[in-house]
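Chemist: structure, please.
(one chain, ligands or ions: 2)
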Amino acid sequence: MSEKNTRTTRLLAADAEGLAAASEMLRENRLVAFPTETVYGLGADATNARAVAEIYRAKGRPSFNPLIAHVADIAMARREGIFDVRAEKLAEAFWPGPLTLVLPQATGASVCDLARAGLRSVGLRVPDHPVALALLAAAGRPIAAPSANLSGHVSPTAPAHVLADLGGRIDAVIDGGPCGIGVESTIVALLDGKAALLRPGGLSRAALEAVLGGAFAVAFDEGERPLSPGLLASHYAPRGSLRLEAENLREGEAGLDFGGRFAGAAGNVLDLSPREVLAEAAAHLFTFLRALDESGAMHIAVAPIPCVDLGEAINDRLRRAAAPRG
Ligand code: TXA
Ligand code: MG
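Modeler: Numbering: from 1, shown residues only. Ligands and ions are numbered 1, 2, ... in the order given. This is a model prediction of the structure:
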């Protein structure tokens with residue numbers, strides 16, 4: 001397993017040459033931090049689960065939060081999310097800008113399951129920064145980007161912050177100087193006919209409510225979670241029950257394997273990574289859980305997965321998926 005932090009992190013100028021190098025790296029599934037008007041984002045191809053898995057690895061993120069898919073314009077956003085009238089209004093009023101819209105995933109969307117943490121919704125944003133917009137246009141596809149800091153650290157608003165946290169762990173940082181806004185985008189969910197403010201940020205509640213023509217139904221708390229849990233399911237769980245740390249398959253069970261433990265057993269088995277590569281397992285996790293769900297599996301045995309590096313996030317999500325539901 002080569003999951004060590006031994007990369008050379010290039011500092012790229014925000015000129016034509018730097019942008020060409022950065023978009024080439026994104027095409028090769030590498031990690032490129034880039035400036036936005038809010039904070040620096042750690043970008044990877046949002047359509048490629050292996051590339052997205054690298055984001056979690058580099059940040060040392062202990063669980064898979066859904067990531068914001070950054071797009072160049074509303075046309076690209078409409079291919080990923082379903083815009084109702086309010087979403088259209090907000091995008092029209094505030095994009096490009098510090099607003100993330102969480103919308104139902106569109107049919108034929110390209111953002112991968114891991115970037116959405118297995119949810120049916122997708123977070124979309126058109127950032128208001130010339131360097132970010134040029135990079136997104138060159139990429140021609142959504143770029144997943146959480147804030148470019150180590151998990152648990154504050155968001156970076158200058159290239160030096162990114163390098164201090166992620167130097168040696170990512171491939172490049174585009175130097176766009178300090179960020180203008182310096183706090184993350186405001187996140188609004190438009191799902192199931194409800195509008196919810198999920199995270200306060202660079203765009204004010206008042207500005208949003210003026211365009212929506214009314215107050216948000218759901219408040220947020222300091223921890224950035226909706227006050228009304230369950231309104232927005234934040235974790236994907238299959239219908240069937242999960243048996244974790246399974247050494248073998250029992251009668252009637254489907255298998256979510258790791259490292260070929262269930263190889264040769266009869267039944268419906270998907271192996272997250274026959275070679276025991278955690279980044280590969282992370283990339284497959286939500287897609288395979290969903291596939292087992294769609295196959296009608298009611299009992300799923302999950303092979304043991306080491307709880308190191310990305311394995312911590314994988315095990316966290318599996319435990320949540322296995323937990324009893326209300
Ligand atoms: O300003 C920003 O938003 C910056 C820049 C880089 O764009 N990005 C950022 O990303 O702050 P991050 O990963 O640090 O925070 C994204 C938040 C997470 O709390 C995540 O739970 C939420 O967005 N989010 C993304 N997609 C979601 C979805 N489908 N449903 C609910 N929440 C979602
Ligand atoms: Mg963050």
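Chemist: can you map out the strands along the stretch 1-150 of the chain?
Modeler: Along the stretch 1-150 of the chain, counting by DSSP state E, counting those that start in this stretch, strands occupy 10-13, 32-34, 41-45, 68-70, 99-104, 121-125, 143-144.
Chemist: and what of the stretch 151-300 of the chain?
Modeler: 172-175, 186-191, 194-199, 241-243, 254-257, 269-271, 299-302.
Chemist: can you say which of the ones you listed is packed in most?
Modeler: strand 254-257 (a mean of 26; mean count of other Cβ atoms under 10 Å). The C-beta positions use only the backbone N, C-alpha and C, and glycine is treated the same way.
Chemist: other SSEs contacting it?
Modeler: On a contact count with 3 or more Cβ pairs under 8 Å, 6 or more residues apart in numbering; DSSP states H and E, strand 254-257 meets strand 269-271, helix 278-294, strand 299-302.
Chemist: go again using 6 Å as the cut-off
Modeler: The helices and strands touching strand 254-257, judged by 3 or more Cβ pairs under 6 Å, 6 or more residues apart in numbering; DSSP states H and E, are strand 269-271, strand 299-302.
Chemist: and it, which strands flank it?
Modeler: Taking DSSP bridges as the criterion, strand 254-257 pairs within the sheet with strand 269-271 (parallel), strand 299-302 (parallel).
Chemist: JSON lines for those strands, including distance to Arg320?
Modeler: Converted to JSON lines, the strands paired with strand 254-257 look like this (distance: least, Cβ to Cβ, whole Å):
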{"stretch": "strand 269-271", "distance to Arg320": "19"}
{"stretch": "strand 299-302", "distance to Arg320": "13"}
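Chemist: what residues does this protein put near ligand 1?
Modeler: 36, 38-39, 41, 65-68, 100, 102, 116, 119, 121-123, 125, 127, 145-147, 184-185, 187, 198, 224, 232 (Cβ under 6 Å from any ligand atom).
Chemist: Asp45 contacts Ala51, doesn't it?
Modeler: Yes. Taking Cβ atoms under 6 Å as the definition, Asp45 is a contact partner of Ala51 at 4.4 Å.
Chemist: still on that earlier bit, show the buried residues in the residues of the chain next to ligand 1.
Modeler: Neighbour counting with 16 or more other Cβ atoms under 10 Å marks 36, 38-39, 41, 65-68, 100, 102, 116, 119, 121-123, 125, 127, 145-147, 184-185, 187, 198, 232 as buried within the residues of the chain next to ligand 1.
Chemist: redo the strands of the stretch 1-150 of the chain as JSON lines? Include mean pLDDT and distance to Ala291.
Modeler: What follows is the strands of the stretch 1-150 of the chain, written out as JSON lines (pLDDT from 0 to 100; distance: least, Cβ to Cβ, whole Å):
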{"stretch": "strand 10-13", "mean pLDDT": "98", "distance to Ala291": "37"}
{"stretch": "strand 32-34", "mean pLDDT": "98", "distance to Ala291": "30"}
{"stretch": "strand 41-45", "mean pLDDT": "98", "distance to Ala291": "22"}
{"stretch": "strand 68-70", "mean pLDDT": "98", "distance to Ala291": "22"}
{"stretch": "strand 99-104", "mean pLDDT": "97", "distance to Ala291": "20"}
{"stretch": "strand 121-125", "mean pLDDT": "97", "distance to Ala291": "19"}
{"stretch": "strand 143-144", "mean pLDDT": "98", "distance to Ala291": "21"}
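Chemist: sorry, back to before: common neighbours of Asp45 and Ala51, please.
Modeler: Asn29 (Cβ atoms under 6 Å, 6 or more residues apart in numbering).
Chemist: returning to that earlier point: quick one: the strands paired with strand 254-257 as JSON lines, columns for mean pLDDT too.
Modeler: Formatted as JSON lines, the strands paired with strand 254-257 follow (pLDDT from 0 to 100):
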{"stretch": "strand 269-271", "mean pLDDT": "97"}
{"stretch": "strand 299-302", "mean pLDDT": "97"}
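Chemist: against the centre of this structure, work out the most remote residue.
Modeler: Centroid-distance maximum for the chain: Glu251 at 35.4 Å, with Cα atoms, centre = their mean.
Chemist: any idea how far that one is from Phe288?
Modeler: Taking Cβ to Cβ, to the nearest Å as the measure, Glu251 falls 21 Å from Phe288.
Chemist: could you do Asp257 as well?
Modeler: For Asp257 relative to Phe288 (Cβ to Cβ), the value is 9 Å.
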